[in-house]
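Asks: Here's my sequence, what's the structure:
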Amino acid sequence: MTGQAFTPPWPAAFGARPAGDRLARVRRSPNFVDGAFRNPVPTRRMNDGAVLHLLRGRRASAGLRRPAKAIPLTWRRAADYADGPESGLRATWLGHATVLVEIDNRRVLFDPVWSTRCSPFAAFGPARLHAMPLRWPELPYLDAVVISHDHYDHLDMATVKALARRDTQFMVPLGVGAHLARWGVPDARITELDWHETAEAAGLSFTATPARHYCNRGARVPGTVLWASWVVAGPAHRVFHSGDTGYFPGFADLGDAYGPFDLTMMQIGAYCDAWRDVHLTPEEGVRAHTDLAGGVLLPIHWATFDLAPHPWHEPAARVSAEAERRGVRLTIPRPGAFVEPASGLPNDGWWRDIAPMREPGGRRAGGGEPPRDRTREDPAHRQPVAG
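Replies: Below you'll find the predicted structure:
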């Protein structure tokens, strides 16, 4: 018995606690200390003066946290993936932390979230600022799904339930398998890894690597669920997905151990001084990329959900300036655009054209309401419960 937890009375979206063999493995982890997983360096989820930092951030970004116009998308269909990339490596950033990577004739989907809201409740919580540029029925065959941690903007119950109907292997950090098992994913298709553990699937190697973050899905789920960044390597290419993380010196060690990387997908949005230990700033994202010996930097975790008190466009502006200063190869694609590191990189500055501006007096330039969230109106972008 692998240890699917007894089904608790709280909402299914909260997931489940690790139990049985799954919990026993958690407790054997060297990263599990005094009843909870620990970060690689001392870390606080909320820093001193957090409330003041939040209030100041909200005041400074008032009227700037949504784009001034609709976010331009590059719509994808399954047919677009019929022929793999000539170079052997291609990524499609679908928004936030969701990236479909084609690597050495295999397809890997990172942190898939198709739901309209990243929330345990369908009617409440942060809603999308743009639709998914790949409609659910057009999602091609997947060789593996990788989950970085259990926060709602990275682990979406409705998407997992739909993926459970596919013949796809899930690669997750220790403890996350309890959530998946409750939502219908067979244990045989769940591979749980501790930091620096590697598993093989579909001719690729998957390694869970340290990150500086935390897990929390429902008040009754204790510290028995791990978070991770990920290394995925094939015969000819290797990529890095940061998940959510604060900066720490260990990125250089990861670069020495697992790099260099053809592509890094680095979290550069949803930062705030209130929680500066657990999220990268754009400048720290570039620094981590260089520590990792990264080739091309693909910024993620911005543009899709309003999760922090900074202007919508600020992550792109800051990461662009820092990448230029450091001489880093950067791509900021429209959601849905192909990124092939070996060829030309999409970087047309599309986000500048829709960056929000504020007139004197604090009103949004252009006036009126922010762009409508049309994902609520389009049935193709509702929670993918139909598979």
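Asks: Enumerate every residue touching residue 147.
Replies: 111, 154-155, 170-173, 176 (Cβ atoms under 8 Å, 6 or more residues apart in numbering). Every residue, glycine included, has its C-beta placed from N, CA and C.
Asks: Return the closest of those residues with respect to residue 246.
Replies: Comparing these against residue 246 with Cβ to Cβ places residue 154 closest, at 15.5 Å.
Asks: Go ahead and confirm that closest one touches residue 97.
Replies: Yes. Between residue 154 and residue 97 there is a contact under Cβ atoms under 8 Å: 5.6 Å.
Asks: gap between residue 87 and residue 21?
Replies: 42 Å (Cβ to Cβ, to the nearest Å).
Asks: again but with residue 68, I slipped
Replies: Distance from residue 68 to residue 21, by Cβ to Cβ: 52 Å.
Asks: wait, doesn't residue 290 sit right on residue 327?
Replies: No. Using Cβ under 8 Å, residue 290 is not in contact with residue 327; the gap is 9.2 Å.
Asks: Looking at the two, which is more packed in?
Replies: More crowded of residue 290 and residue 327, by other Cβ atoms under 10 Å: residue 290, with 17 against 8.
Asks: quick one: the helices in the stretch 151-300 of the chain?
Replies: 157-163, 176-182, 250-258, 282-291 (DSSP state H, counting those that start in this stretch).
Asks: can you pick the most crowded of the contacts of residue 147?
Replies: residue 173 (31 neighbours).
Asks: and that one, what are its bridge partners?
Replies: residue 193 (DSSP bridges).
Asks: Could you report the pLDDT at it?
Replies: In this model, residue 173 is scored at 98, pLDDT.
Asks: Which neighbours do residue 154 and residue 97 have in common?
Replies: Overlap of the contact sets of residue 154 and residue 97 (by Cβ under 8 Å, 6+ apart) consists of 111, 113, 148, 243-244.
Asks: and the gap between the nearest residue to residue 301 once chain neighbours are set aside and residue 65?
Replies: In space, and not counting its chain neighbours, residue 301 is closest to residue 267: 3.9 Å by Cβ to Cβ, 6 or more residues apart in numbering. Distance from residue 267 to residue 65, counting by Cβ to Cβ: 18 Å.
Asks: Ok, residue 312 next?
Replies: Distance of residue 312 to residue 65, given as Cβ to Cβ: 6 Å.
Asks: overlap in contacts of the two?
Replies: Contacts common to residue 312 and residue 65, judged by Cβ under 8 Å, 6+ apart, are 306, 356.
Asks: contacts for stretch 248-262?
Replies: Here stretch 248-262 makes contact (Cβ under 8 Å, 6+ apart) with 39-41, 89, 207, 209-210, 212, 229, 231, 233, 237-240, 287-288, 291-296, 341.
Asks: and residue 7, what pLDDT?
Replies: Confidence score, pLDDT, at residue 7: 48.
Asks: ok, now residue 327?
Replies: Note for residue 327: predicted pLDDT of 98.
Asks: show me the contacts for the most centrally placed residue in the chain.
Replies: Residue closest to the average C-alpha location in the chain (Cα atoms, centre = their mean): residue 97, at 2.7 Å. Contact criterion Cβ under 8 Å, 6+ apart gives 110-111, 113, 148, 153-154, 241, 243-244, 265, 267, 300-301 as the residues in contact with residue 97.
Asks: where does the stretch 251-387 of the chain have low pLDDT?
Replies: 359-387 (pLDDT under 70).
Asks: Strands of that one, residue ranges please.
Replies: 261-267, 294-300, 329-330, 338-339 (DSSP state E, counting those that start in this stretch).
Asks: how far off helix 282-291 does the second one point, in degrees?
Replies: Think strand 294-300. Counting by axes from the mean of the first three to the mean of the last three Cα atoms, to 10 degrees, strand 294-300 lies at 150 degrees to helix 282-291.
Asks: ok so residue 91 is a helix residue?
Replies: No. Counting by DSSP: H, G, I helix; E, B strand; the rest coil, residue 91 is not part of a helix but strand.
Asks: ok, now how distant is it from residue 28?
Replies: From residue 91 to residue 28 the distance is 35 Å (Cβ to Cβ).
Asks: the more surrounded of the two?
Replies: For residue 91 versus residue 28, neighbours defined as other Cβ under 10 Å are more numerous around residue 91 (28 against 10).
Asks: Hmm, residue 342 and the more buried one touching each other?
Replies: No. Judged on Cβ under 8 Å, residue 91 makes no contact with residue 342 at a distance of 11.7 Å.
Asks: Please tell me how far stretch 29-42 is from the chain's geometric centre.
Replies: Remark: stretch 29-42 is offset 22 Å from the chain centroid, using Cα atoms, centre = their mean, to the nearest Å.
Asks: contact partners of it?
Replies: The contact list for stretch 29-42 (Cβ under 8 Å, 6+ apart) reads 26, 174-175, 194-195, 210, 212-215, 222-227, 248-250.
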